[in-house]
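Undergrad: Sharing a sequence plus its predicted fold:
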Amino acid sequence: MVRVLVPSGALGLGYDAEALRRGVAAKPDLIAIDGGSTDSGPSYLGRGVSKYSRASTKLEWAGLIEAREAAGCPLVIGTAGTCGTDSTVDWLFEITREVLAEEGLSAKVALLRSEQDPAEIAAAYATNRLSPLPPAPEIDAALIESCTHIVALAGAEQINAALATGADIVIAGRTTDTAIIAALPLARGANPGAAWHGAKIGECGALCATNPQSGVILVDFDETGFTVTPLADGARATPHTVSAHMLYENSDPFLLYEPGGHLDVTGARYTALDDRSVRVEGSEWVPSERYSVKLEGARIAGYQTILLALLRDPRYVAAADDWCSDILEKCSAKVRDRLGTDDFTLELRQIGKNATLGPLETQTGDPVELGVLGLITAPTQARANEIGKLLNPYLLHHPLTPEEEQPTFAFPFSPAEIDRGPIYEFCLNHVLELADPMDAFALETHDV
Amino acid sequence: MSDTVGAIAEKVRSKNAGPFWVTVDIFCGSEAAYRRLSAGLDTARAAAALGTETQLLRRFDIPDLNVVKLSLPRPAVQGTAADRDMHGAGWAVLVAGLALD
């Protein structure tokens, strides 16, 4: 039996300290936590930075290093620093050294690097080693080389290579969410379907249970299945909460693709062992013929300047569609005339009417005010800001009719133009075929 | 007026499933509600409400969970200039507002 302790769904989200102590007392073979996700958008990968505050990350990581010391088992983090680039691996390594020094501890630390050289990925594309996943964006060599960061998602093989170094702490770059949990059970002969399924159930911490924000869970793996047990007071796993977790952030609730194969949970059976633990058997792992890893890449897709104006006058709130379309037409013409360019996008979103859903919105309301969010995207920040300055007078004073007295609208900020810097886009939904699982990854160890 | 998904279901949620997909989970809450929803939810109408084509919408009717799940390629890839909803949170209300047959 292999016992994996998962403190929470992500480092930086917090965990229940008492429940973590219970987990340590249960003598886990591994403590595993995810450090990232694409869920907050492409900017983090594009810039190679963490979403979470350094202070929160350090505090929570220190608690896990302390738990590792007490449990005497390895601690693994996957997708360190939100995006798992070399820069965020180095960022968490720096935090790790600080924590170890401040606590007077030493540890063997393994760094698993997942970052890819865009030129090498472009070469792989040229030799047909990239395959698209639906719906894949159109790519070419120039687009690949324009990525600011590309990472490959490591699987169980690479995590096991890092654990095999004898490291106390493994800081991994981009991995699949599940690999950090599934790897050790796989290496020790657990049922492969159970290893991946239990990892999927465990990867969000206690989201597979009641009291989902409590974080801490234990997953026990063996030759026929796995058992999941949440550890916080009041948290219970039931066959329903566990099986329903396969729905979460999955486009297909029965299949999960991983490096080297896929998990099929169609035949999984969920049984309540008591009022808080669930046993799962019957999940199947289907190995693939070729070994491939998924790639994520982000590139700069322009620079943005935004403005926000508030309409409170009931006449303007009622006629906001006309007001916005008239501004778009006049301002766009002015940009073309004064800046001599068509290379920009200008959009006005009405917050309070349909800013979330746009033309798909079906409901109408009677708001007392509307926020009008101006979004300008252009090839340079200077150009976007310049267009923002052309938009500014319209948002401040544009009248519904030419003969009326000049109106003025509420601006919450000065300057009204807010430069957002580069905006990034995810531009790869592809897998990279590898002859050996370590081909796209690098492993190093440090005695700290 | 006919029932809507939101009036029958216990909960409707939506979320990204990676940067290129969004998924909507309809938790029916009971076997009776599941039967009503599974039979009455028109896939083509759901696709139109979500701004996608019927053949691109993946639908899973899961009686063991009393859940109907809809997944679609994001019309605007997450985080692009045209994307309005970074985490895909707003799609649920489009499904909740759908009338049932």
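TA: Structure received.

Undergrad: what's the neighbour count on residue 90?
TA: Because you didn't say which chain, this covers chain A. Number of residues near A:Asp90 (other Cβ atoms under 10 Å in any protein chain shown) recorded here: 17. For glycine as for every other residue, the C-beta is placed from the backbone atoms N, C-alpha and C.

Undergrad: I was thinking of chain B, sorry if that wasn't clear
TA: Residues lying near B:Gly90 (other Cβ under 10 Å) number 17.

Undergrad: With adjacent residues omitted, what lies nearest to it?
TA: In space, and not counting its chain neighbours, B:Gly90 is closest to A:Thr356: 4.0 Å by Cβ to Cβ, 6 or more residues apart in numbering or on different chains.

Undergrad: same deal with A:Glu249?
TA: The shortest distance from A:Glu249 to any non-neighbouring residue, by Cβ to Cβ, 6+ apart, is to B:Ala17 (5.1 Å).

Undergrad: can I get the CA coordinates of stretch A:51-61 in CSV?
TA: What follows is stretch A:51-61, C-alpha atoms only, in CSV (Å, rounded to 0.1, in the frame of the first residue of the first chain):
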residue,chain,number,x,y,z
LYS,A,51,-0.1,33.9,-9.6
TYR,A,52,0.1,33.6,-5.8
SER,A,53,1.8,36.0,-3.5
ARG,A,54,5.3,35.1,-2.4
ALA,A,55,4.4,35.6,1.2
SER,A,56,1.6,33.1,1.1
THR,A,57,3.6,30.7,-0.9
LYS,A,58,6.5,30.9,1.5
LEU,A,59,4.3,30.5,4.6
GLU,A,60,2.5,27.5,3.2
TRP,A,61,5.6,25.9,1.8
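
Undergrad: what's the offset of it from the middle of its chain?
TA: When distances are taken as Cα atoms, centre = their mean, to the nearest Å, stretch A:51-61 is centred 16 Å away from the chain's centroid.

Undergrad: do the longest strand along chain A and chain B meet at all?
TA: Taking DSSP state E as the criterion, chain A has its longest strand at strand A:292-311. Yes. Using Cβ under 8 Å from any Cβ of the partner chain, strand A:292-311 reaches chain B at A:296, A:301-302, A:304.

Undergrad: Same check on stretch A:199-208?
TA: No. Stretch A:199-208 lies out of reach of chain B by Cβ under 8 Å from any Cβ, never closer than 11.4 Å.

Undergrad: Which elements pack onto the worst-scoring helix or strand of chain A on mean pLDDT?
TA: In chain A, the helix or strand scored least confidently by mean pLDDT, DSSP states H and E is helix A:239-244, which has a mean of 88. Applying 3 or more Cβ pairs under 8 Å, 6 or more residues apart in numbering or on different chains; DSSP states H and E, one finds that helix A:239-244 contacts strand A:269-272, strand A:278-281.

Undergrad: Which secondary structure state is assigned to the residue in the stretch 151-300 of chain A that chain B sits nearest to?
TA: Proximity of the stretch 151-300 of chain A to chain B (Cβ to the nearest Cβ) peaks at A:Ser251, 3.9 Å away. What DSSP: H, G, I helix; E, B strand; the rest coil gives for A:Ser251 is coil.

Undergrad: was I right about it contacting B:Arg58?
TA: Yes. Assessed by Cβ atoms under 8 Å, A:Ser251 is found in contact with B:Arg58 at 6.5 Å.

Undergrad: If you count surrounding residues, which of those two has more?
TA: Just comparing A:Ser251 and B:Arg58: by other Cβ under 10 Å the higher neighbour count belongs to A:Ser251, 20 against 15.
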